[in-house]
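Visitor: Give me a 3D structure for the following:
(3 chains)
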Amino acid sequence: MPDSRFYRRAGPFRLGDLAGWCGATATPGTDVGTMLHDVANIDTAGPQDITYFGDPRYTVAFATTRAGACITTQAFAAHAPKGCALLITSSPREAFAEISTRFYPEQPAANSLGSGFIAADATLEPGVTIAPGAVIGPGAKIGQGTRIESCAVIGPGVIVGNDCRIGSNTTLTYCIVGDRVVLHPGVCIGQDGFGFVRTAQGLKKVPQLGRVLIGDDVEIGANSTVDRGAAGDTVIGAGTKIDNLVQIAHNAQIGERCIIVSQAGVAGSCRIGNDVVIGGQVGVVEHVKVGDGAQIAGKAGVTRDIAPGEVVMGVPAKPIRQFWREVAALSRLTKRDKAP
Amino acid sequence: MPDSRFYRRAGPFRLGDLAGWCGATATPGTDVGTMLHDVANIDTAGPQDITYFGDPRYTVAFATTRAGACITTQAFAAHAPKGCALLITSSPREAFAEISTRFYPEQPAANSLGSGFIAADATLEPGVTIAPGAVIGPGAKIGQGTRIESCAVIGPGVIVGNDCRIGSNTTLTYCIVGDRVVLHPGVCIGQDGFGFVRTAQGLKKVPQLGRVLIGDDVEIGANSTVDRGAAGDTVIGAGTKIDNLVQIAHNAQIGERCIIVSQAGVAGSCRIGNDVVIGGQVGVVEHVKVGDGAQIAGKAGVTRDIAPGEVVMGVPAKPIRQFWREVAALSRLTKRDKAP
Amino acid sequence: MPDSRFYRRAGPFRLGDLAGWCGATATPGTDVGTMLHDVANIDTAGPQDITYFGDPRYTVAFATTRAGACITTQAFAAHAPKGCALLITSSPREAFAEISTRFYPEQPAANSLGSGFIAADATLEPGVTIAPGAVIGPGAKIGQGTRIESCAVIGPGVIVGNDCRIGSNTTLTYCIVGDRVVLHPGVCIGQDGFGFVRTAQGLKKVPQLGRVLIGDDVEIGANSTVDRGAAGDTVIGAGTKIDNLVQIAHNAQIGERCIIVSQAGVAGSCRIGNDVVIGGQVGVVEHVKVGDGAQIAGKAGVTRDIAPGEVVMGVPAKPIRQFWREVAALSRLTKRDKAP
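Guide: Numbers count the residues shown, from 1 in each chain, chains lettered A, B, ... in the order given. Just a heads-up that it's a prediction; the model follows:
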């Protein structure tokens, strides 16, 4: 499933070998000679893929997965659908990280640039401007009329659309950028997401095999960061405007025409609807859904789903009128407390 | 009014043409043949300028504006001063954005650098050091004794004073920097502010036509960002010290000898006095005034003006003693609630 | 004590000269001809060093210091150990800043790079890959198998270990990096910490003479910043993983295998234990100690020491169950207030 533009897959591998590499045990009767061709998410995996299941939130997805094989715990095994081979371990995510590394070993540095700054096999369409010091990696493609500013670094395989402006000192990797996109200086797109498993040997990296997809007419402010997906993609919807120093974590999906103000952070796997406004310094925790047209006031800490059109504030975020009622009540309380 | 060093103006334009381009209607009896030469803020506009008025906070400025023409709504029209031609629309700011784009269309990429990293017409005074990989744009001027580190990108027309240190991977555009200024690595100065109007076609950019002015002896920490003004300038006063990852938005005016600690954010059009201390992760909302010598404790959310010398904390920010009283009262409340 | 790899020391100087330069007065009977060779922290200074004492938190260290000389106030002088020459002033930290500048005057730009991007005396071990546009400073050393991405800037004297990946547009100065370290794009390591003294002439820089030490297997996210120590070092322990846009201030000491989530900030001189989890947008104030295995929930403001294993949340940070009790109590309070 990872994009072959960015990732080179090894394999296929025997189920038995996979089990051995990650310290899991096939359930009795499993054909360990089955060949697996790829890693995949539980909801998109097909019969040739291996996935994992270790979080009760995905119980329904597990029961209906079409995956050829799944790494899970003994306790969860009962919920498996028929025809899905099981590898049992106490740490499914750690085991899946190990297997992902087998399918997608780190590539040797490409470096087909030689001593030049623009790779020989990069595609520059008509009207592209490349400022001095910019670096265009192998296989990258820059659309017509786009301007790449000085010291911008466009990584291998990256696609940038037409009429974009890519600011100085930006770094773009593992991403596909639409038309008329503005990335301000210092923006970092597509680096590894922050995914680790705690193991006996310390924190182990979960391979990050997705991309960042940036829609048309998006604007991203100076020194903001957008991590690529772990499996699947991080998505910024068309027409969304992001301010400076904002963090968008792996697999977050931001809708269209959203406004995200400076220093806000959206954690992993959040789903933000269309026309949402996220105020400055807001934090949204992992896996939260925010409905269309919702507004989150500055400095809020969003710890639960937000309904469409809802307006919230505070830590934890609550309806904004309730927030201000509590502010007033607390203020009155100190007066009451001071009374004799 | 925008600085001709950075912006090239088109026009002059007939009032009638301007009305047509932005979908506004001249009030009856207006001479639509009047020529307008520039866009300007309501308080600084002169007889040859066109401005806009759509925010009741500026009612006084509207009543006394010297602008030749003003875009406003039907409801506000009654407050106009005599002699100011009016263009009526339901969305004055959107219309003004459109007109600003006519006066200041985006320039084609200068690119007079050719293949070199230092533009032929840049001025380097005696004793300037340019480290490898730094890029100096056309018309830029670097003062004596200043050191530009590697991969710093100095944009077209930028002026840097004497004895400055401009760190690696910084990006400077649309700014004028004083003497003895230190910009740490990764700082971004002068990019577009975050100004958008919601229109039927999505979020429309308001042209950002100001500059950033940085006083003598200022220091700005790594990866901090300072946006340029929309109209008028963003100003950092002499001797002010800014820590890492701080955001200063468009048109903010920071006084002298202030301290702004890491990850704080100052929103658009704030006016911060002299000798103010802003703690880490503080947020100050738009248009707030903070008096001389005020102190804002870490993580505060400032939603109102702060008096000179006031010391505040909390979200919303309140006098610091009141903040701690409320913390204590809330703690006591949980004990009371638990009592039978 | 500062690392001669990065700093060149002047001196030795006569105690009398030092007193004159910083406007302090030697106590009666002091031999002003004593030669001092270096500046040092109060707890590590030896007989040839001069230090300062101005903060009651360090009273014990003062009483037992082995420093040859110490700058302090009249009020504190009584606590001095025998044999330690005293220089008396009303502003010990300001005076020490002045003396530090005498011992470590700013160096002229090295610039031994000439027009190339890799200094002639840099050491690149076998298997190092340097991408186009990267700059390697004089005396720097890059360990085998390490990859330096485009427009990364490795400063003079910096040591990077084996099998590291140093991202694009990073800036490394005054640091020593272990093996298998990943620095994502835009990371800034080793710049000046945010240390200033308020003087009659404005804010005066305290020279920052330490380094950053980064342990093996550390990962630091995009656009994060780690300042170098003022005296002594900023330390990131082995196996610790830091997310994007995080700030680590001067002299902070982070333990091993910690997780620090996006946009958190750790202030100066904090000591964070091993296996600590710091949530997103957390702020930790200066000089705080956090015990092994503690967990700090997102957006907390830590104003006091945290015990090993403690789990805290809120501003100020408190035990997480107490935080949620207070949230519930405040919510109930608004209902009570509304009752007739």
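Visitor: Near chain B, which residues of the stretch 201-340 of chain A are found?
Guide: Residues of the stretch 201-340 of chain A lying close to chain B (C-beta under 8 Å from any C-beta of the partner chain) are A:217, A:219, A:221-223, A:239, A:241, A:243-245, A:256-257, A:259, A:261-263, A:280-281, A:298-299, A:314-315, A:327, A:330-331, A:333-334, A:337. Heads up, the C-betas are built off the backbone N, CA and C, glycines and all.
Visitor: What about those residues, which are in strands?
Guide: A:219, A:241, A:259 (DSSP state E).
Visitor: Chain B: which of those is nearest?
Guide: residue A:241 (5.3 Å; C-beta to the nearest C-beta).
Visitor: Grab the nearest non-local neighbour of that closest one.
Guide: residue A:219 (4.8 Å; C-beta to C-beta, 6 or more residues apart in numbering or on different chains).
Visitor: how about the one you found, what does it touch?
Guide: Contact partners of residue A:219, counting by C-beta atoms under 8 Å, 6 or more residues apart in numbering or on different chains, are A:181, A:182, A:183, A:184, A:240, A:241, A:242, B:205.
Visitor: for stretch A:287-307, how far is the first residue from the last?
Guide: 14 Å (C-alpha to C-alpha, to the nearest Å).
Visitor: can you pull the buried residues of that stretch?
Guide: A:288-303, A:306 (16 or more other C-beta atoms under 10 Å in any protein chain shown).
Visitor: Near chain C, which residues of the stretch 151-300 of chain A are found?
Guide: A:151, A:153, A:155, A:169-171, A:173, A:186, A:188, A:191-192, A:194, A:196, A:198, A:202-203, A:205, A:223, A:225, A:227, A:245, A:247, A:249, A:263, A:265, A:267, A:281, A:283, A:285.
Visitor: Just the buried residues of those.
Guide: A:151, A:153, A:155, A:169-171, A:173, A:186, A:188, A:191-192, A:194, A:196, A:202-203, A:205, A:223, A:225, A:227, A:245, A:247, A:249, A:263, A:265, A:267, A:281, A:283, A:285.
Visitor: if we can go back for a sec, got a ChimeraX select line for the buried ones in the residues of the stretch 201-340 of chain A next to chain B?
Guide: The buried residues among these can be selected in ChimeraX (16+ other C-beta under 10 Å) with this line:
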select /A:217,219,221,222,223,239,241,243,244,245,256,257,259,261,262,263,280,281,298,299,314,315,327,330,333,334
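Visitor: For the ones in strands among the residues of the stretch 201-340 of chain A next to chain B, give me JSON lines that also has pLDDT.
Guide: Formatted as JSON lines, these follow (pLDDT from 0 to 100):
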{"residue": "A:219", "pLDDT": "98"}
{"residue": "A:241", "pLDDT": "98"}
{"residue": "A:259", "pLDDT": "98"}
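Visitor: Out of the residues you listed, the closest to residue C:40 would be?
Guide: residue A:219 (49.8 Å; C-beta to C-beta).
Visitor: Can you give the distance from stretch A:57-64 to the centre of its chain?
Guide: Centroid separation for stretch A:57-64 versus its chain: 21 Å, with C-alpha atoms, centre = their mean, to the nearest Å.
Visitor: Report the rounded mean pLDDT for it.
Guide: The average pLDDT for stretch A:57-64 rounds to 91.
Visitor: which among the contacts of residue A:219 gets closest to residue C:17?
Guide: Distances from residue C:17 to the contacts of residue A:219, taken by C-beta to C-beta, are shortest for residue A:184, at 49.9 Å.
Visitor: could the contacts of residue A:219 go into CSV alongside distance to residue B:54?
Guide: Listed next are the contacts of residue A:219 as CSV, based on distance: C-beta to C-beta, whole Å:
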residue, distance to residue B:54
A:181, 29
A:182, 25
A:183, 30
A:184, 27
A:240, 24
A:241, 20
A:242, 25
B:205, 17
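Visitor: who's the residue nearest to residue A:241 bridged to?
Guide: residue A:182, residue A:241 (DSSP bridges).
Visitor: Could you list the low-confidence segments of chain A?
Guide: A:1, A:107-116, A:336-340 (pLDDT under 70).
Visitor: contacting residues for residue A:48?
Guide: Counting by C-beta under 8 Å, 6+ apart, residue A:48 has contacts A:12, A:35, A:36, A:37, A:38, A:68.
Visitor: Give me the buried subset of those.
Guide: Looks like those have A:36, A:37, A:38, A:68 buried, using 16+ other C-beta under 10 Å.
Visitor: so the last one makes contact with residue A:47?
Guide: What that stands for is residue A:68. Yes. Here residue A:68 reaches residue A:47: they are 4.6 Å apart, a contact under C-beta atoms under 8 Å.
Visitor: What segments of chain A are helices?
Guide: A:15-22, A:59-63, A:92-103, A:320-338 (DSSP state H).
Visitor: most tightly surrounded among the ones you listed?
Guide: helix A:92-103 (a mean of 22; mean count of other C-beta atoms under 10 Å in any protein chain shown).
Visitor: Show me the residues of the stretch 151-300 of chain A next to chain C that map onto strands.
Guide: Judged by DSSP E, these include A:153, A:171, A:188, A:196, A:198, A:202, A:203, A:205, A:225, A:247, A:265, A:283 as members of strands.
Visitor: And those residues, which two are furthest apart?
Guide: A:153 and A:198 (32.3 Å).
Visitor: List the contacts of residue A:38.
Guide: Counted by C-beta under 8 Å, 6+ apart, residue A:38 has contacts A:1, A:2, A:9, A:11, A:48, A:49, A:50, A:103.
Visitor: what's near enough to touch the last one?
Guide: So that's residue A:103. Here residue A:103 is in contact with A:9, A:10, A:11, A:13, A:38, A:39 (criterion: C-beta under 8 Å, 6+ apart).
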